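Asks: Model the following, please.
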Amino acid sequence: MRKRDIKLDKYGISKKRYVELRSFCEQYPEWKRYLASETNTVKSKVITDMPMSRDPLNNATENLAIKRTVYSCRCDLIEKIAKQASGDLHEYIIKSVCYDLPVRYLLMVEDMPCSATTLYDIRRYFFYLLDIEKTKREAWAI
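Replies: Here you go, the predicted structure:
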């Protein structure tokens, strides 16, 4: 099913940037699953009869710790922006944006305490705030 793009022209976000932000958010459930499942940080080296050197790219514990930190920071970013954009409705924003739940489902099954129009407005504002924050972080990474 083709997703319908939202209009973010008044926030100065292009269609391609919106697709990038949406794709970033859609990885949230994957990151949460990874953080819940990959908790064993103690890994042993594979012992072979070949001589070994200290390869920084082959340290499993370090690689796992780095990956968990990156995923945790990304999840925290999405949750922080959702709270900043909507306050009490942050869980519905996350379900709508990250888990791609339809607004009708949120209204009927989840008993969302606002109208569809209000949620759409909050979603647009969420993407605006996310764009600002990601632009800041990308500027620091260069």
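
Asks: need the strands for this structure, in chain order.
Replies: Secondary structure of the chain, counting by DSSP state E: no strands present.

Asks: any low-confidence regions in it?
Replies: Of all residues in the chain, those with pLDDT under 70 make up the ranges 1-5, 7, 41-58, 141-142.

Asks: In contact with the nearest residue to Tyr92 once chain neighbours are set aside, which residues?
Replies: Leaving aside its sequence neighbours, Tyr92 sits nearest to Met112 (C-beta to C-beta, 6 or more residues apart in numbering; 5.0 Å). From N, CA and C alone the C-beta is placed, and that goes for glycine too. With contacts defined as C-beta atoms under 8 Å, 6 or more residues apart in numbering, Met112 is in contact with 89, 92, 103, 106, 119.

Asks: Can you tell me how far the closest residue to the last one other than its chain neighbours is from Val109?
Replies: Nearest non-adjacent residue to Leu119, counting by C-beta to C-beta, 6+ apart: Val103, 5.7 Å away. As for Val103, its distance to Val109 is 11 Å (criterion: C-beta to C-beta, to the nearest Å).

Asks: Which one's more surrounded, these two?
Replies: Set side by side, Val103 and Val109 give different neighbour counts by other C-beta atoms under 10 Å, the larger being at Val103 (17 against 10).

Asks: The more buried one touches Thr118, doesn't it?
Replies: No - distance between Val103 and Thr118: 10.1 Å, which falls outside the contact criterion (C-beta atoms under 8 Å).

Asks: if we can go back for a sec, and the furthest pair within the contacts of Met112?
Replies: In the contacts of Met112, two members sit farther apart than any others by C-beta to C-beta. They are Leu89 and Val103, at 12.1 Å.

Asks: Can you work out which residues contact both of those two?
Replies: 112, 119.

Asks: still on that earlier bit, pick the one among the contacts of Met112 closest to Lys67.
Replies: Ranking these by separation from Lys67, with C-beta to C-beta as the measure, puts Tyr92 on top at 28.9 Å.

Asks: Could you report the distance from the closest one to Glu62?
Replies: Taking C-beta to C-beta as the criterion, Tyr92 is separated from Glu62 by 38 Å.
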